[in-house]
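> model the following, please.
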Amino acid sequence: MGNSVRFGFHDITGKLSYDVHRSHTLSLGVYTGDDRMRNADEGAENSFGWGNTTASLRLRSRWREGLGSTAVVYYSFLQNRQQAEYREDGSVNEGKTTFRTHEFGARMTFDHRLSEHYALEYGASFSAQRFLPMHTRAVVEGQERETEYPASQLLSGALFVNNRLQWGSWRADLGVRGALYDNADDTAFALEPRAQLSYDFGRDRAVWASATLNSQALVQFNRYYYSMPIDFWTPFQDGRLQRAWQVALGGRMKLHERLTLSLETYYKRMRNLPMIYDSDDFLLGRDGFVYGTGWAFGVEAMLQWQTDRLSLTASYTYTNSRRRSDGVTYPFEYDIPHDFNTFMSYDVVKQPDRGRRHTFSLNVSWRTGLPYRLTNTAYPDSDGNPIFGITPYPTMRMRNYFRTDISYNMERRKRNGVRNWQFSILNATWHKNPVSIYPHRGTYKATVLIPIMPSISYTRTFK
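Numbering: from 1, shown residues only. Purely as a prediction, here's the structure:
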């Protein structure tokens, strides 16, 4: 029996808007989605799943000329799960692990234009998050075992204000955000100033520069299950927030009547970054991590060609993101030095008077493979087969990623809304892109998702 991989997903989205008053619009949005993967081999079967559900209620109001507001209340649920079953000599060992996060929050924002040259954006936000980091139920040699790590919570509140000044071709944004975080053990405060200055030369030519100071109260890290990296989040520890400052410089210019070039570069420094070397101790509050620093540098270039029917976009991004902890420098989990993307869209049928539009699209992506955690160090299991260890930081890269997607979209406008059919082929070239690597009989094998996937979708909007 060879390695067999199956993959499936579903996404459901809904939105309903109602004009309570000519100046007040109430909207309800709901999204739920789930992705599933099954990897079966001789004597073993692993399955993974990721999903999230979000619901939000939004009220947009216009109080008077130059003053508007947006109020949002939302709930979100994130979860991932892993299940494994091993069969040997008539016995079956199995286990299932789940991670869950619940979040409830609200945000109120006011947009206030005080004059032709000056506007204010200000407001407040609040969120309550509950993290259930890991619950495992297993049956080993007929004995049922259950492990559950303590739940944790994070309360966040923030006030923010942004001053927007515009005079001729100059525009400046000066703002500050003050945030308070509480994880039931520690409370931390962060002040986050930000500024951006831009100048518009006209004829689609502009330059801009920005500087920001940010903080983060959540710790994201990978835990490898059956060689599959799983991301999950927990609140900050020891009263220390992750801190970062960033500067950026960019510009845009028109090279031709239909051709536009955009360039942007940034540099970022970070501190208080946890490197988790023992996730069990970390989740139990018994250390298991050390703090480190980080830096990132990036450049992005984008070319856009636009005609009445044809749209072409080509982009290249170079990034170098590094972390340093305990005397070791290593790449960030999602460091991608080179990233090329090309997108083409052509209107095969364009009849606005009849409400018909058929569009052919092609998207091609190539990028450097993601960093991965594996080591050549191994120890034997009970049968003498090698078990390879996993390091707390990436030590190798997976193969480069390549993917081509093709789609044909048929849009028809009706009296009461829009009907849309979309026919797609994901990964049309059948390129094998690995998502995980695992030891197999003294060597390594890769798990591949979406070798090729046809897709049909139907969307109907009403008004």
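
> which other helices and strands contact the one helix or strand residue 38 maps to?
Element membership for residue 38 (DSSP states H and E) is strand 24-41. In terms of contacts (3 or more C-beta pairs under 8 Å, 6 or more residues apart in numbering; DSSP states H and E), strand 24-41 is packed against strand 4-21, strand 44-64, strand 443-449. Glycine gets a C-beta too; all of them are placed from N, C-alpha and C.

> rebuild those as JSON lines, extending it with mean neighbour count, distance to residue 347 and mean pLDDT.
Compiled in JSON lines, the helices and strands packed on strand 24-41 are given as follows (neighbours: other C-beta atoms under 10 Å; distance: least, C-beta to C-beta, whole Å; pLDDT from 0 to 100):
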{"stretch": "strand 4-21", "mean neighbour count": "11", "distance to residue 347": "25", "mean pLDDT": "84"}
{"stretch": "strand 44-64", "mean neighbour count": "16", "distance to residue 347": "32", "mean pLDDT": "91"}
{"stretch": "strand 443-449", "mean neighbour count": "15", "distance to residue 347": "32", "mean pLDDT": "71"}
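
> one step back: partner strands of the strand holding residue 38, with direction?
Using DSSP bridges, the strands paired with strand 24-41 are strand 4-21 (antiparallel), strand 44-64 (antiparallel).

> so which of the helices and strands packed on strand 24-41 is nearest residue 411?
strand 4-21 (17.0 Å; C-beta to C-beta).

> run through who's touching the closest one.
25-41, 59, 447-450, 453 (C-beta atoms under 8 Å, 6 or more residues apart in numbering).

> would JSON lines of the helices and strands packed on strand 24-41 with distance to residue 96 be doable?
Output for these, formatted as JSON lines (distance: least, C-beta to C-beta, whole Å):
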{"stretch": "strand 4-21", "distance to residue 96": "18"}
{"stretch": "strand 44-64", "distance to residue 96": "9"}
{"stretch": "strand 443-449", "distance to residue 96": "19"}
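
> and residue 270, which of those strands is closest to it?
Proximity to residue 270 (C-beta to C-beta) singles out strand 44-64 among the helices and strands packed on strand 24-41, at 26.4 Å.

> just how off-centre is the closest one within its chain?
A distance of 13 Å separates the centroid of the chain from that of strand 44-64, by C-alpha atoms, centre = their mean, to the nearest Å.

> repeat for stretch 166-181
25 Å.

> residue contacts, residue 207?
By C-beta under 8 Å, 6+ apart, residue 207 lies in contact with 198-199, 201, 249-252.

> widest-spaced pair of those residues?
Checking the contacts of residue 207 with C-beta to C-beta, the most distant pair is 201 and 249, at 15.7 Å.

> among the contacts of strand 4-21, which ones are buried?
Buried subset of the contacts of strand 4-21 (neighbour count, 16 or more other C-beta atoms under 10 Å): 25-26, 29, 34-35, 37, 39-40, 447-450.

> what's across from residue 419 in the sheet?
For residue 419, the beta-bridge partners are residue 412, residue 460 (DSSP bridges).

> from residue 138, how far off is it?
In this view, residue 419 and residue 138 are 49 Å apart by C-beta to C-beta, to the nearest Å.

> how about residue 298?
43 Å.

> okay, these two: which has more neighbours?
Under the neighbour definition other C-beta atoms under 10 Å, residue 298 and residue 138 were set side by side, and residue 298 has more, 18 against 15.

> doesn't residue 265 make contact with the more buried one?
Yes: under the criterion of C-beta atoms under 8 Å, residue 298 makes contact with residue 265 at 6.7 Å.

> now do the same contact list for residue 76.
Residue 76 sits in contact with 52-55, 101-103, where contact means C-beta under 8 Å, 6+ apart.

> so which of these would you say is closest to residue 93?
residue 101 (28.5 Å).

> the closest one bridge partners, please.
Bridge pairing for residue 101 - DSSP bridges - gives residue 78, residue 131.

> same question, residue 198
Judged by DSSP bridges, the bridge partners of residue 198 are residue 171, residue 208.

> count of neighbours near it?
With other C-beta under 10 Å as criterion, residue 198 counts 18.

> what's the answer for residue 273, then?
With other C-beta under 10 Å as criterion, residue 273 counts 20.

> gap between it and residue 203?
43 Å.

> mind putting the contacts of residue 76 into TSV with distance to residue 92?
Listed next are the contacts of residue 76 as TSV, based on distance: C-beta to C-beta, whole Å:
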residue	distance to residue 92
52	31
53	32
54	37
55	39
101	31
102	33
103	37
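
> secondary structure element for residue 428?
Per DSSP H and E, there is no helix or strand for residue 428.

> that one touches residue 405, doesn't it?
Yes: contact criterion C-beta under 8 Å: residue 428 and residue 405 qualify, at 6.7 Å.

> quick one: low-confidence ranges for the stretch 251-400 of the chain?
375-390 (pLDDT under 70).

> now with 90?
Scanning the stretch 251-400 of the chain for pLDDT under 90 picks out 256-257, 275-289, 326, 333-334, 352-354, 370-399.

> how about the helix or strand harbouring residue 274: buried residues?
Element membership of residue 274, judged by DSSP H and E, is strand 259-276. Within strand 259-276, the residues scored as buried using 16+ other C-beta under 10 Å are 260, 264, 266, 268, 270, 272-276.

> which other helices and strands contact it?
strand 218-225, strand 242-254, strand 289-306, strand 310-325.

> please name every helix or strand in contact with the host helix or strand of residue 181.
Using DSSP H and E, residue 181 sits in strand 170-182. With contacts defined as 3+ C-beta pairs under 8 Å, 6+ apart, strand 170-182 has these neighbours: strand 152-167, strand 187-202.
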